[in-house]
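A.B. asks: Output the structure for:
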Amino acid sequence: MRITNKMMTNNMMSNINKNKVNMTKLEEQYSSGKKIQRPSDDPIIAVRALRLRTNLSEMSQYYEKNIPDAQSWMSVTESALTTVNSILSQVNTYCVQGSSDTLTESDRSSIAENLAQMKQQIYQEGNTNYAGRYVFTGFKTDSSLTFTDDEASLSYDITQNFTNDDIQIVNKITGSYNPSDYDGVTPFVPDAPEMNEAYRIQLAYDNLSDAPPEGIRYYKKDASGELVEQTYTGPINKVSSTVDGAYTPAAGEVNYIPETGEMILGADVYAELRTADKIQIDYSKSGFTSGELKPEHYFTCTMTDSDKPDQDPITYTKSEEGQNIQYEVNYNQKLTVNTEGSDSITHRMGRCIDDLLSTVDDVINTENKIAEVEKRLEDSSLTEEQKDSYNKMKEQLGTELDLKKNVMQEAFSNGIAISSEEQDRVNASVADLGSREVRLELTENRLSSQKVDYEDLMSMNEDADVVDTYIKYGSAETIYNASLSAASKVVKNTLLDFL
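C.D. replies: Next up is the predicted model:
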């Protein structure tokens, strides 16, 4: 094969260009620190780099944003529940103190005031928010757990569920007498006060609408285990708590006391409902005060606003599955971050404190009546008949005071039990929250390790070895210079050299 001068020149230029390209490629790797500068340099490395970068970006979203946000939400929730637990512990302590019979009127008033403040603080903790989102209100993160202002225009039709365990047996005193009713002329005829048992379903709110519920739905299991609906359709009488007989309804009847939010069952109605597996009562409440729990977070209900007559009623449905806010914290892994107020901060403790305050007021009022009678007995102008009436009145009021003190101590004992049960409820919520926090921490640790592994893989795939590249660049430069030197010898040859 004949090798021409042009062929030698072309080969020389081609080889010089190849050496220069190789040296340029190594120079780019050395200056940029990357193996490739464009996908066409090595498609396999490019595709692998895209996949690794996508995975690392997703992992960074979980590790740097989702998980810290979930941790902050759960930390705020845990802090609020811990505070509620601490308040309930104080309520329990005050109930223990209140159950003592040695307390003075001042002591009881102080305890009552403290309990009222603690009730407000328990529900105030339910308004805890994180980054403007309320943490105890499920999906309705823009709505506080309680009313923050008085809402006189709002009305709710509420459906509240009970079990037979929610039917309480309470003691009520009848036969109270007010000294101011004594005219000083008609001889006082003592009517000894009595303690009566009452069967009560305590609704979630007091100061309800005057219209009594139309009936009481209850459910019992049949032979197959299915719940069968039945309805009590007997008389439901609206009465005032101050009326004699309010807590002793006639057979087959139910008394509805709107100002205290109580349904008082007749003995035969109680006998029927106590075997029910589920009880439902529909009732209405118009007007709410600041600090009261919003019904939509606890019950299926319908709200109307009298200030907005053109607005349709809003219906809220309480789902049995709950309203779980879930964060995606890893690939195909979601974690519930919220705790619902209905699971941890309920009406029960507040209603129990209302009972306590009512019984304390009853005792203080009776003590004031006795003090008034004693003051009247100091009047030297009283006749013997009047003195005899006042002494009989004092004796009756003393009996009434003893009975009311017994009721008050029972209420405080009930407060001890309920505050302990509510503490158990809160502790269960804290334990559930803690277990989710542990899962979140484990996921965070795993993602931290995986993030390092992905970064190493991405570096191995994309990053050039600086030392190795420098050595190769030196070799390429030597080869390039050698090719230039060899080319100079070929190019300088003339026609004479071939003759």
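
A.B. asks: Tell me where the model's unsure across the protein.
C.D. replies: Under the criterion pLDDT under 70, the flagged ranges of the chain are 1-5, 35-36, 40-42, 49, 101, 463, 465, 490-499.

A.B. asks: Heading C-terminal from the longest helix along it, find the next helix or strand.
C.D. replies: When the chain is parsed with DSSP state H, its longest helix is helix 384-462. Next along the chain after helix 384-462, taking DSSP states H and E as the criterion, comes helix 466-491.

A.B. asks: Mind listing what's buried along that next one?
C.D. replies: For helix 466-491, burial by neighbour count (16 or more other C-beta atoms under 10 Å) applies to 469, 472, 473, 476, 479, 480, 483, 487. For the C-beta atoms, the positions are set from N, CA and C on the backbone; glycine is no exception.

A.B. asks: State the distance from the fourth one to residue 322.
C.D. replies: Same thing as residue 476. Distance, residue 476 to residue 322, by C-beta to C-beta, to the nearest Å: 67 Å.

A.B. asks: what's the answer for the last one, then?
C.D. replies: Taking C-beta to C-beta as the measure, residue 487 falls 81 Å from residue 322.

A.B. asks: residue boundaries of the helices in the protein?
C.D. replies: Counting by DSSP H, the segments of the chain that form helices are 5-32, 43-61, 67-98, 105-125, 267-273, 341-344, 347-377, 384-462, 466-491, 495-498.

A.B. asks: Can I get the fourth one in PDB, CA atoms only?
C.D. replies: Extracted in PDB, the C-alpha atoms of helix 105-125 (Å, rounded to 0.1, in the frame of the first residue of the first chain):
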ATOM      1  CA  GLU A 105     -67.200  29.100 103.500                       C
ATOM      2  CA  SER A 106     -64.200  31.100 102.500                       C
ATOM      3  CA  ASP A 107     -62.200  27.800 101.700                       C
ATOM      4  CA  ARG A 108     -65.000  26.500  99.600                       C
ATOM      5  CA  SER A 109     -65.400  29.700  97.700                       C
ATOM      6  CA  SER A 110     -61.700  29.800  97.000                       C
ATOM      7  CA  ILE A 111     -61.800  26.200  95.700                       C
ATOM      8  CA  ALA A 112     -64.800  27.000  93.600                       C
ATOM      9  CA  GLU A 113     -63.100  30.000  92.000                       C
ATOM     10  CA  ASN A 114     -59.900  28.000  91.300                       C
ATOM     11  CA  LEU A 115     -61.900  25.200  89.700                       C
ATOM     12  CA  ALA A 116     -63.800  27.700  87.500                       C
ATOM     13  CA  GLN A 117     -60.400  29.200  86.300                       C
ATOM     14  CA  MET A 118     -59.000  25.700  85.700                       C
ATOM     15  CA  LYS A 119     -62.000  24.800  83.600                       C
ATOM     16  CA  GLN A 120     -61.400  27.800  81.400                       C
ATOM     17  CA  GLN A 121     -57.700  27.000  81.100                       C
ATOM     18  CA  ILE A 122     -58.300  23.400  80.100                       C
ATOM     19  CA  TYR A 123     -60.400  24.500  77.200                       C
ATOM     20  CA  GLN A 124     -58.100  27.400  76.400                       C
ATOM     21  CA  GLU A 125     -55.300  24.800  75.800                       C
END
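
A.B. asks: roughly how far is that helix from the heart of the chain?
C.D. replies: Helix 105-125 sits 23 Å away from the centroid of its parent chain (C-alpha atoms, centre = their mean, to the nearest Å).

A.B. asks: coming back round to it: closest to residue 462 among the buried residues of helix 466-491?
C.D. replies: Within these, proximity to residue 462 (C-beta to C-beta) peaks at residue 469, which comes in at 13.1 Å.

A.B. asks: Show the contacting residues for residue 237.
C.D. replies: Residue 237 sits next to 212, 249, 253, 254, 255, 256 when contact means C-beta atoms under 8 Å, 6 or more residues apart in numbering.

A.B. asks: Of these, keep whichever come out buried.
C.D. replies: Going by neighbour count (16+ other C-beta under 10 Å), these have 212, 249, 254, 255, 256 buried.

A.B. asks: I'd assumed residue 123 was in contact with residue 83.
C.D. replies: No - with contact defined as C-beta atoms under 8 Å, residue 83 does not reach residue 123; the gap is 11.9 Å.

A.B. asks: of those two, who's got more company?
C.D. replies: residue 123 (21 against 16; other C-beta atoms under 10 Å).

A.B. asks: What distance do you get for that one to residue 116?
C.D. replies: Distance from residue 123 to residue 116, counting by C-beta to C-beta: 12 Å.

A.B. asks: what's the answer for residue 131, then?
C.D. replies: Distance, residue 131 to residue 116, by C-beta to C-beta: 32 Å.

A.B. asks: Between those two, which is the more surrounded one?
C.D. replies: Comparing residue 131 with residue 116 by other C-beta under 10 Å, the one with more neighbours is residue 116, at 14 against 10.

A.B. asks: For the more buried one, give me its contacts.
C.D. replies: With C-beta under 8 Å, 6+ apart, residue 116 has these contacts: 353, 357.

A.B. asks: Residue 172 now?
C.D. replies: Counted by C-beta under 8 Å, 6+ apart, residue 172 has contacts 195, 196, 198, 247, 407.

A.B. asks: same thing but at 6 Å, please
C.D. replies: Remark: with contacts taken as C-beta atoms under 6 Å, 6 or more residues apart in numbering, residue 172 is in contact with 196, 198, 247.

A.B. asks: wait, which of the helices of the chain is closest to residue 240?
C.D. replies: Of all the helices of the chain, it is helix 347-377 that lies closest to residue 240, at 14.1 Å by C-beta to C-beta.

A.B. asks: elements contacting that closest one?
C.D. replies: helix 105-125, helix 384-462 (3 or more C-beta pairs under 6 Å, 6 or more residues apart in numbering; DSSP states H and E).

A.B. asks: So residue 405 versus residue 399, what's the distance?
C.D. replies: In terms of C-beta to C-beta, residue 405 sits 11 Å off from residue 399.

A.B. asks: Actually, residue 295.
C.D. replies: Taking C-beta to C-beta, one finds residue 295 at 41 Å from residue 399.

A.B. asks: So which of these two has more stuff around it?
C.D. replies: Shown here are residue 295 and residue 399; by other C-beta under 10 Å, residue 295 has more neighbours (24 against 17).

A.B. asks: wait, that one sits on residue 156?
C.D. replies: Yes - assessed by C-beta atoms under 6 Å, residue 295 is found in contact with residue 156 at 4.7 Å.
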